[in-house]
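> From the sequence below, what's the structure:
(one chain, ligands or ions: 1)
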Amino acid sequence: MAKHRSKIFEIINDYSEASFEYDPISATMAGKNEYNSIWNDYTYHPVDPFLKFAKKTLAKLEKEEPTDRYDEIAKMVVSDDLKRYIDDQDMFHYYVYWGGHFNPLSDIFSVFESMPRETKEDILNIVKRLEKIPKLVTEWISSLKDVAELGAVNSKFRVTTAINAIENFADGQFLKMANDIDPTNKRLIKAAKHAEIAYEEVCAWLKYKYLPICTDKNALGKERYLKEVQLYTGLTIDPEQVYKWGLQETERINNEMWKVAKEILPNAESLIEVSQYLANDEKYIIVGVDNYVKFLNDLSDNAAKELGGKVFSINPKIKKCTVKLDKSTLDPSPYYLPPSDDLSRPGHGILPVIGQEKFSTWDAVSTWYHETIPGHHMQIATSVIQKDTLTAYQRGEGWNSGYGEGWALYSETLMDELGYFKDPAYRLGYLICQAMRAVRLVVDIGLHLEYDDPEGNVWTVESATKFMEEKALLQPDYARSEIERYISWGGQAVSYKLGEKVWLQIREESKQRLGDSFDIKKFHNYALKLGPMGLDRLRHELLKWNGK
Ligand SMILES: [Zn+2]
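Residues are numbered from 1 along each chain as shown. Predicted structure coming up:
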């Protein structure tokens, strides 16, 4: 029996363990390898089988008196999440709301990326999971049928984007993975082939049986949308106000972009012209994967060295956040892979490379700070090592998008304030990242609440894509894929900008309140060591901070 620092920690720990059993995919993602041979249950249940346990946990927590401040925070954060979970019992939702960026079959495929491949047992786990895929797919299809019979179906647009994603996995991705692991392992290769056949079958079923009965409506509607925003950020927003603020921010950032653009190309007639000019400027191009990896590693190493001890404290155990290549994904955006709880797997900035040899740097610098240091790595790895003060839940699956993505976007702004974008090309890269997050407020809310676009018609995929291209300078394919993402993942896209706003506000409030005794390093250390929580809570907690 593990020893816990308090009864509250013990209750939360039991909850975490039970939730991993219920959701083995998340367990693998969290680096918990004991669940690596089993899968989540995709059968339709009118009542969530885990609900009873969640309610029981909440009741137990409510009875316990915190023994100290850490206990108090743990109780509060987990109770908040449990209440949101219990309140979100629209079980149809998970069966009618999935798309290209967010569907069970993509989750199933991508979990293999996080599974270790070192020992015989590791490989056997991969084989066991692969062999269960045909059964899993049948389960999912029959759930979709059950729910459709009850009158709930997905939208045509989301299903079409999901089919495209799933078809890509069926088209050799499983076999490629199996061959990368061990081309001589016959059982593995056979299981990979069967997984691909199962994915092909599900695509055919979706295309010919399911799609024709789907709806044309992509919008979540106000009630559901606000629930999603609450889940992702812990904020109750006034959507109209946020939408207006999104438009203002887009305008403000675009004006700023113009100023910088004129420094780069004084006679430019459009911002896109400037970004195309930079894309072809040798000064901002690196040839060769190894050279690019070195460039990125230097960025995070230097940030750790120069900011550590001044802007925040970095524990030596988490000082490094190096590049790891991802050669399987089709999505070119870099992302962050957190360390495992015991740090045996360190945190990495993941760089997708799909046969690419030339890399542009001007628009990559800000993003790399976002993904690694001072961004996601600084926040997530810091909470991972707070073993004495945060529960395993707070260090792992309790991650809150408003807090975490807000921190990462705030980190980019922090680097701007600290003078890391003196080169106007890097600064334009930073501003584009800012513009994209501001535009997300407009199009995510606009699409899901069916507001009018700048032409006066209800927002559509086309008008939203065009808006992204113009205001955030995205390439047409990328803009389209972003819009597909918002439609299948409503309410998440606003968490970046809303989160950054709260981080900036609480920093300002603390400065005003504490005057000369405000210390930026202490502020960051304190806020990061609190661990993830909803943004309303974070604001509330920081108001109580005494500056120590
Ligand atoms: Zn991020």
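
> Which pLDDT value belongs to whatever residue of the stretch 401-548 of the chain ends up closest to the ion?
Nearest residue of the stretch 401-548 of the chain to the ion (C-beta to the ion) works out as A408 at 4.3 Å. (C-beta placed from N, C-alpha, C; glycine too.) A408 is assigned a pLDDT of 98 by the prediction.

> With P332 instead?
79.

> Can I take it that it is in a helix?
No: counting by DSSP: H, G, I helix; E, B strand; the rest coil, P332 is not part of a helix but coil.

> Pretty sure it sits against L351.
No: assessed by C-beta atoms under 8 Å, P332 is found out of contact with L351, at 9.4 Å.

> Show me what from the protein comes close to the ion.
Contact residues, the chain versus the ion (C-beta under 5 Å from the ion): E405, A408.

> Confidence-wise, which helix or strand of the chain is lowest on average?
helix 93-96 (a mean of 88; mean pLDDT, DSSP states H and E).

> Can you point out the buried residues in that helix?
H93, Y95, V96 (16 or more other C-beta atoms under 10 Å).

> coming back round to it: the residue of the stretch 401-548 of the chain closest to the ion reaches H376, doesn't it?
Yes: in this structure, A408 is within contact of H376 by C-beta under 8 Å, at 5.1 Å.

> which residues are common contacts for those two?
H370 (C-beta atoms under 8 Å, 6 or more residues apart in numbering).

> which residue packs closest to the residue of the stretch 401-548 of the chain closest to the ion, ignoring adjacent ones?
Closest residue to A408 apart from its sequence neighbours, by C-beta to C-beta, 6 or more residues apart in numbering: G375 at 3.9 Å.

> same check, this time on A464
V443 (4.2 Å).

> Let me see the contact set for that neighbour.
W459, A464, F467, M468, I483, Y486, A493.

> Next, format those as CSV and append pLDDT and secondary structure.
Listed next are the contacts of V443 as CSV, based on pLDDT from 0 to 100; DSSP: H, G, I helix; E, B strand; the rest coil:
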residue, pLDDT, secondary structure
W459, 98, coil
A464, 98, helix
F467, 97, helix
M468, 96, helix
I483, 95, helix
Y486, 95, helix
A493, 97, coil
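
> By neighbours, which of the residues you listed wins?
For the contacts of V443, the largest number of neighbours (other C-beta atoms under 10 Å) sits with I483, at 28 neighbours.

> Settle this for me: that one is touching K466, isn't it.
No: I483 sits out of contact with K466 when judged by C-beta under 8 Å, with a separation of 9.8 Å.

> Mind checking what helix or strand follows the least confident helix or strand of the chain in sequence?
Per DSSP states H and E, the first helix or strand lying C-terminal to helix 93-96 is helix 104-111.

> From the contact counts, what lies against that following helix?
In terms of contacts (3 or more C-beta pairs under 8 Å, 6 or more residues apart in numbering; DSSP states H and E), helix 104-111 is packed against helix 24-29, helix 133-149, helix 156-168.

> at 6 Å instead, please
When contacts are defined as 3 or more C-beta pairs under 6 Å, 6 or more residues apart in numbering; DSSP states H and E, helix 104-111 packs onto helix 24-29.

> And for the helix it packs on, what's in contact with it?
F20, Y35, N36, I38, N40, D107, V111, S114, M115, E397 (C-beta atoms under 6 Å, 6 or more residues apart in numbering).

> same deal with stretch 33-52?
With contact meaning C-beta under 6 Å, 6+ apart, stretch 33-52 is reached by 20, 22-25, 27-28, 104, 115, 125, 128, 132, 136, 139-140, 143, 146-147.

> Check stretch 370-384 too.
For stretch 370-384, the external contacting residues (C-beta under 6 Å, 6+ apart) are 300, 303-304, 307, 318, 321, 334, 336, 338-339, 347, 349, 369, 390, 395, 404, 407-408, 411-412, 528, 531.

> again, 7 Å this time
Here stretch 370-384 makes contact (C-beta atoms under 7 Å, 6 or more residues apart in numbering) with 300, 303-304, 307, 312, 318, 321, 334-336, 338-339, 341, 347, 349, 369, 390, 394-395, 404, 407-409, 411-412, 414, 528-529, 531-532.

> cool, and stretch 242-260?
271, 424, 427-428, 431, 434-435, 438-439, 441-442, 445-446, 451, 471, 494.

> How about stretch 404-416?
Residues outside stretch 404-416 that contact it (C-beta under 7 Å, 6+ apart) are 366, 369-370, 374-376, 379-380, 421, 430, 433, 437, 495-500, 502-504, 532, 535.

> again, but for stretch 176-195
Under C-beta under 7 Å, 6+ apart, the answer for stretch 176-195 is F112, R117, I123, I126, V127, L130, E131, I133, P134, F174, L175, S328.

> So for that stretch, mean pLDDT?
Per-residue pLDDT over stretch 176-195 has a mean of 96.

> any idea how far G398 is from the residue lying farthest from the centre of the chain?
Taking C-alpha atoms, centre = their mean, the residue of the chain most remote from its mean C-alpha position is N267, at 38.5 Å. Distance, N267 to G398, by C-beta to C-beta, to the nearest Å: 52 Å.

> Could you tell me how many residues sit around the closest residue to the ion within the stretch 101-250 of the chain?
The ion sits closest to Y232 of the stretch 101-250 of the chain, with a gap of 12.5 Å, by C-beta to the ion. Using other C-beta under 10 Å, Y232 has 25 other residues around it.

> That one touches D444, doesn't it?
No: between Y232 and D444 there is no contact under C-beta atoms under 7 Å: 10.8 Å.

> picking that back up, just the contacts of stretch 370-384: which are in strands?
Y335, Y336, G349 (DSSP state E).

> doesn't D326 make contact with the last one?
No: the pair G349 / D326 is not scored as a contact, 10.5 Å apart, by C-beta under 7 Å.

> Looking at these two, which one has more neighbours?
G349 (27 against 16).

> Bridged to that one, which residues?
For G349, the beta-bridge partners under DSSP bridges are V323, Y336.

> show me what contacts it?
Counted by C-beta under 7 Å, 6+ apart, G349 has contacts L296, S300, C321, V323, P334, Y336, W368, E371, T372.

> Give me the buried subset of these.
Using 16+ other C-beta under 10 Å, the buried ones in the contacts of G349 are L296, S300, C321, V323, P334, Y336, W368, E371, T372.

> Tell me which residue lies nearest the centroid of this structure.
Centroid-nearest residue in the chain: S401, 6.8 Å away (criterion: C-alpha atoms, centre = their mean).

> which residues touch it?
Counting by C-beta under 7 Å, 6+ apart, S401 makes contact with Y232, T233, Q492, S495.

> wait, the last one sits on N400?
What it means is S495. No: counting by C-beta under 7 Å, N400 is not a contact partner of S495; they are 8.4 Å apart.

> Which of the contacts of stretch 242-260 fall in helices?
Per DSSP state H, helices hold the following members of the contacts of stretch 242-260: 271, 424, 427-428, 431, 434-435, 438-439, 441-442, 445-446, 471.

> Turn those residues into TSV, columns for distance to R158 and pLDDT.
TSV is the format used below for the ones in helices among the contacts of stretch 242-260 (distance: C-beta to C-beta, whole Å; pLDDT from 0 to 100):
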residue	distance to R158	pLDDT
L271	31	94
P424	40	97
R427	37	98
L428	34	98
L431	31	98
Q434	28	98
A435	26	98
A438	25	98
V439	21	98
L441	21	98
V442	20	98
I445	18	98
G446	17	98
K471	24	96
